[in-house]
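Engineer: Provided below for reference: sequence and predicted model.
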Amino acid sequence: MENYIQIFVLIPLVGFFLSLFIPKKNENFISWFSFSTVGLQLVLAIVFSVYWLFNHHHVMDLRGLTVFETKDYSFYLDFYFDKITVVFLLIGALLTFMITVYSRYYLHREEGYKRFFNVILFFFSGFNIVIFSGNLETMFIGWEILGISSFLLIAFYRDRYLPVKNAVKVFSIYRIGDVGLILAMWLSHHLWHSNISFSALNNYDLVHEHLSSHTFIGALISLLIFVSAAAKSAQLPFSSWLPRAMEGPTPSSAIFYGSLSVHIGAFIMLRTFHFWEHQFSIRIFIAAVGLTTSIVATLTARVQSSVKSQIAYSSIAQIGLIFIEIAAGLEVFALFHIAGNAFLRTYQLLVSPSVVSYKIREQFYNFVPRHKTIEDSLPKKIENSLYLLSLKEWNLDSFMYRYLWNPLKRFGNKLNFLTFKTLFWIFAPMYVIGIVLKLYRSALDPILVKYLPGVFAFVGLVLVIKAFTERKSVRMSWILVILNHFWIAMAISFNENFDFMHIVLYLSGVVVFGIIGFIAILRLKRIEGKLDMNQFQGHIYEHPKIALVFLISCLGLAGFPITPTFVGEDLIFSHIHEDQIFLAFFVALSFIIDGLALIRIYARVFLGPHSKTYHQIAKRSS
Amino acid sequence: MKIDNSVFNLQKVLHDLKHFLPAQAPLKDFIHHNTLHAFQDKHFFDALNEASTMFGYITSLSLREYRALFERGKIDKKIVDRTIIENKGKIQSLIWSNKVYHAQFIDETEQRIGALRSNWKTQYKIDLDSMVHPNLFRVLCSYLDQGISIWNFPGENKSFLSALTELEKNSFVSFFKNKRAKSILLEGNYSVESLLKLLIGNSGLFEQYVFDQQFAHPGWSGLVATIENFPETLLDKRKITLEELIIFECLLEIDVLDSHFGEIWAPLGEKVSVIPTSLFAPFVKSELQNVLEIWQEAYEWTYYDQVLAGIKLQANEVKVISKSFQAFFCIDDRECSIRRHLESLDLEAETFGTPGHFNLDFYYKPENGNFHTKVCPAPLTPKYLIKEIENKSKQKKDFHFNRNTHGLFIGWILTHSLGLWSGFRLFWSIFRPGDSPSAVSSFRHMDPNSTLTIENISLSDREDDLQIGFTVLEMTDRLEGLLKSTGAVQDFAKIVYLVGHGASSVNNTHYAGYDCGACSGRPGSVNANVMSSIANNPKVRVLLAERGIDIPNSTQFLGALHDTTKDDIIYFDEQILSESNKKFHEANKLTFANALDLNAKERSRKFMSVNSNRPANQVHKKVRLRTVSLFEPRPELNHATNTLCLIGRRSMTKGIMLDRRAFLNSFDYRVDPDGKFLLNILNAAAPVSGGINLEYYFSRVDNQKLGAGTKLPHNVMGLIGVANGIDGDLRPGLPSQMIEVHDPLRLMMVVEHFPEVVLDTIQRNPVTYEWFKNEWVKLAVCHPETKEIFVFKDEQMSVYHPMKSMLEGVKDMDKLVELGEETFPVLLINNHN
């Protein structure tokens, strides 16, 4: 029976790939194909779940394809099925099915009809990979797909400024969630000395034995996982991304940000519950964050004057409560809450345009100029302060800027002296020296050997920060990202006796997609003459094919699971020792900013209002 | 830069600014109007050029689109050639032909708006908008909010700035990040000028800066200006002025600049190296613009020519001796086809068109209503109130809109208990759509079983400073006006139906734009009901007979409402009918039902989700289903493809298939030899149908800047407008789903009267005359005796000979409408012969 669970990952994936080949003009077939794919998943999911329920409903774990293996490292897919999976599978399939049917008519004649259904299926694939995943590595594949498909859906109206800006914003928060997951993967390598599957976490003795000797690492892993979950589920301090994600067509906002995507954080916490259930302080911490979030989000929801942001904050508040329920160990209760919240918010978002006629009619007959609210009983000054704070969303949006992006940008701007030439003359010799040092590693001072990898990784990080903040040359930004990978490869190979084949594995995707992307940039530059990164240029309007090639190159270069680089990244972490926190941190940060820098290039060059104005272009503010 | 401290006249600038900003009212009062109303004192094509130069609007189709239409045969070559000669003269025509058909142009139109303010980005490297707009919009929307937020903006009944000041004064948290802006607000001795002095320095640039600033978010600014002018448009009143908005925005700008540079930075005026062209500097028309004008005119005349040819080919009026019934409909283009179907099903039926308020001017207040609502054309200010009493229906509730779902603990209980129910509801509404409390239904405007206070009891019977009901004299005046203006003054049928219209939809923020425009965006049920009651009033009939209109005692008027989305009809007060009339009514009802089926089928050819090749009653069922489907962004296509307004007897157009493109206003030149009623008709028809037509035109040619873009991502802001996402500017204009099938042609008005009378009549009201003189609406006249056609141009009437002498005919209308969604050319209907 275990073998069948892979089907649920395969159906959406195959559906997604096939849907790419349907001709763009054939609206009927595109939508029919999409809801058939999801419908098939739904029917099988119901049949399978019922069968499972009446046949002992024991937890299933299936070790899938082994992607890469050496004697002390193995990267394999793992699938898992229990009641949490069942609930998410059924909610996900049911909602996605309804939304695809809904969108069949709703999106009629819309520019990007096919793209919409492609992305829905892509998202659905990612969702199912996550909920069926049996280990962190498998989950990470789905996780990455969710991130990219979210970006593409928020930026669905890619010729306007705000959707693109917000898509990049949301993507960057998701990337923070990725750091948590990557570092958790790294630490668990060292905790278990092998890839650990979720089913192993259910083994109390095993978990207990490892954690009792590594309390700190255990707590750190739990926290990192929680950071990922909090980012994905819009808990504090990340909450402000959720309302800003509501830029796509209403049905897509409804299922992604009303229901499926936001509850994935709760899913991860449920999935890893057995890992942290005996860390009492962690449980208190999670519940505390959940509680604070729910209070802050409720206050914020109460002052919202736009219908979608109000629903978004109400949903965040309920997810805060869900986190408390999970921390309290009320698994079934939390699952019910998740289902209820998902359905309620989806429906509320879908009928949100009706709010005008409904409320106006209601007011016409039962007008109360001003409802007395609970806040009125507070002292005026406190009430006003709370109101203003809530109106400003507790400064959460500017918080991310102030403490994360702006320092990065300031740092990057300090590197403005770097040009193509200086870059070459500084870093090429440095790299050569690095290689020479590596060759004579055994002759070096052990202290130097200990710190050099960190230094190399730091150089890589500096390069990628520069890539992230570059405002002029697209080519330069692109090359810097490639160079970053090379520095990381050097850092790691210096760190340990790293098999040359591993480096090839890691760099193969980087090199191939680096070159393809570079050619795409050159070609666009030849046609358009001038490219810069100062503002959005919307070249996808005239060059959709180049844009597609470039997007795929970005994904390849960012270690998206379409290249061996993806496995290579995981492999690299297995070579970072548990006491090398800085090295791990630099490398993880590099990966994160890497992805950001690439998405930023893609967005600035290809998305946003077109730089040519011979056709209809929306105002920037709209 | 040199200092030019010319005088800045704030009041004048505010006045001009309000003039140019979008004038769209809050959603509940959505009424179509000319999007470029500010340019109406210019000739149409000059206005297109100026609007595009000043604000960067696209004001016509693109050259590529025109040429594609030409390739597809939608623009006639002969007419293009004729237009070239007319516009450029015979000698130049060859050169221009080449330009029109073949030349490629580089679009060199400049966009003046925003040029000055872009210096923040180029000279100061600061993206002011992205830091000011989100805060500004949020504060503004929260202040104006009509009922989405649960915890309202503090400072009840205070004006915008005083509410802000009060809040700022009495709070630990500030709107601003720095001290300076805060202290300016709190000290209170600021003015637009003093703030601009800080920001810009040079007063010569103030005006341009304010325009740039406000046109960076025309949606919000336009709404504030509208609310300032018409505070009564909000149920929950707010005191706000455009001046206050500008002051607050300037303060936010100062605050952002302070955050970046500290309190010492040079005002913008000092850093501007090149003074940008003034918004109002003289305009130049490019060659491309000239070519586009030729194409636009040729596109229009390709269609007009067919219409005028068709009118010329019409037979003379045939008198129907015994009429089975008469029915008055609104002039609305959506009623054009239902009249055709009624007449083809019952050859003895006679139909009329008149603005759907039925010549009544009053406010309506439903039972238990807290407010009264205007149900006559927007420019009128009625002195009367009609109240509904004995309404027994109740508003159904939907917990999804309940504010408690956003609470923490109640929300927690609700998600647990009702969350799964939502999933079920969602499933149901997708696979079995049906009526729900979230839907808008025209039939709910007035309970059919309620009673209305129509006749005034005494002049002292007043409410809300309005007279309740009309006196007998006032009623007679209005009925006389209705009958005389439409020419229905004799040979009354046994039953005269007055059919108002409204629409039904769900998930439609622009629902008010779907109802009757002549009733200020409300369904016409109350008006139809009131007018039929007036016409049945024996006292009124006595007075009316004295004025020469004799309605036989056996004739009864009956109010009804046609739902243009569902194609359903309800009748009011059927119990008043006499026994014999009841029988006729039953027969007529059947005719109406069949006509509505046919009408639904005709409409369905433009709906993708409905298969039109099926029997009419089955198609009708599908059409009804669309109106309650959450996922249907186009419950009906509203006024799309409207192009004509025909004022004359039915015989003028009875035999031509106009494909639902015409506003039809009944008028008999014999009743109105000197154009007295005609003037009234034109005074209403020009702004109403012209406004609808031009709003469709501009939303179609620039759906991004002059329309609302696609409605799919729209988010409702404060119940007053829609925006994209949560940080966007409001989007006035029509969403793309309403205009995508529209052909952007100006309205052609055809009047059946003597040309000299028409020429004299239009000049009597300067406001109305402007529409024709500047060609925002085209005007033609059909001589009622000779059938000769005249066209109004350069303030004169000149004879027009249609290029087409014959039109294609159509025999089987039922087969015709199965032909797909393309608009038809003008066709002659052969089934009468």
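Structural biologist: Cool, got the structure. Residues are numbered from 1 along each chain as shown, chains lettered A, B, ... in the order given.

Engineer: near chain A at all, stretch B:410-417?
Structural biologist: Yes: Stretch B:410-417 comes into contact with chain A (C-beta under 8 Å from any C-beta of the partner chain), by way of B:411-412, B:414-417. Any C-beta I mention is one placed from the backbone N, CA and C, and that applies to glycine too.

Engineer: near chain B at all, stretch A:463-475?
Structural biologist: No: shown here: stretch A:463-475 not in contact with chain B (C-beta under 8 Å from any C-beta), separated by at least 10.0 Å.

Engineer: Quick check: buried residues in that stretch?
Structural biologist: By neighbour count on 16 or more other C-beta atoms under 10 Å in any protein chain shown, the buried set for stretch A:463-475 is A:463-470, A:473-475.

Engineer: Also stretch A:415-431?
Structural biologist: Within stretch A:415-431, the residues scored as buried using 16+ other C-beta under 10 Å are A:415, A:418, A:423, A:427, A:431.

Engineer: how about these in CSV, adding secondary structure and pLDDT?
Structural biologist: Output for those, formatted as CSV (DSSP: H, G, I helix; E, B strand; the rest coil; pLDDT from 0 to 100):
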residue, secondary structure, pLDDT
A:Leu415, coil, 80
A:Leu418, coil, 76
A:Leu423, helix, 79
A:Phe427, helix, 80
A:Tyr431, helix, 83
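
Engineer: mind putting those residues in JSON lines, distance to B:Leu205 included?
Structural biologist: Formatted as JSON lines, the buried residues of stretch A:415-431 follow (distance: C-beta to C-beta, whole Å):
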{"residue": "A:Leu415", "distance to B:Leu205": "37"}
{"residue": "A:Leu418", "distance to B:Leu205": "38"}
{"residue": "A:Leu423", "distance to B:Leu205": "42"}
{"residue": "A:Phe427", "distance to B:Leu205": "47"}
{"residue": "A:Tyr431", "distance to B:Leu205": "53"}
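
Engineer: List just the nearest of those residues to chain B.
Structural biologist: Nearest to chain B among the buried residues of stretch A:415-431, counting by C-beta to the nearest C-beta, is A:Leu415 at 17.2 Å.

Engineer: which residue sits closest to the closest one in space, ignoring its chain neighbours?
Structural biologist: Among residues not flanking A:Leu415 along the chain, A:Lys466 sits closest, at 4.5 Å (C-beta to C-beta, 6 or more residues apart in numbering or on different chains).

Engineer: counting contacts, what elements does the strand or helix carrying that neighbour pack onto?
Structural biologist: Assigned by DSSP states H and E, A:Lys466 falls within helix A:446-469. Counting contacts by 3 or more C-beta pairs under 8 Å, 6 or more residues apart in numbering or on different chains; DSSP states H and E, helix A:446-469 is packed against helix A:406-413, helix A:420-439, helix A:474-495, helix A:581-606.

Engineer: Show me what the shortest one packs onto, helices and strands only.
Structural biologist: Packed against helix A:406-413, as judged by 3+ C-beta pairs under 8 Å, 6+ apart, are the following elements: helix A:446-469.

Engineer: Look up how far A:Leu423 lies from A:Leu437.
Structural biologist: 21 Å (C-beta to C-beta, to the nearest Å).

Engineer: Relative to the centre of the chain, find the outermost residue for me.
Structural biologist: Because you didn't say which chain, this covers chain A. Taking C-alpha atoms, centre = their mean, the residue of chain A most remote from its mean C-alpha position is A:Tyr365, at 46.2 Å.

Engineer: should've been chain B
Structural biologist: Distance from the C-alpha centroid of chain B, by C-alpha atoms, centre = their mean, peaks at B:Ile264 (48.9 Å).

Engineer: Run through who's touching stretch B:395-415.
Structural biologist: Defining contact as C-beta atoms under 8 Å, 6 or more residues apart in numbering or on different chains, one finds that stretch B:395-415 is touched by A:294-295, A:298, A:301-302, A:310-311, A:313-314, A:317-318, A:321, A:337, A:340-341, A:344, A:347-348, A:351, A:354-355, A:358-359, A:361-362, A:365, B:150, B:418, B:422, B:436-438.
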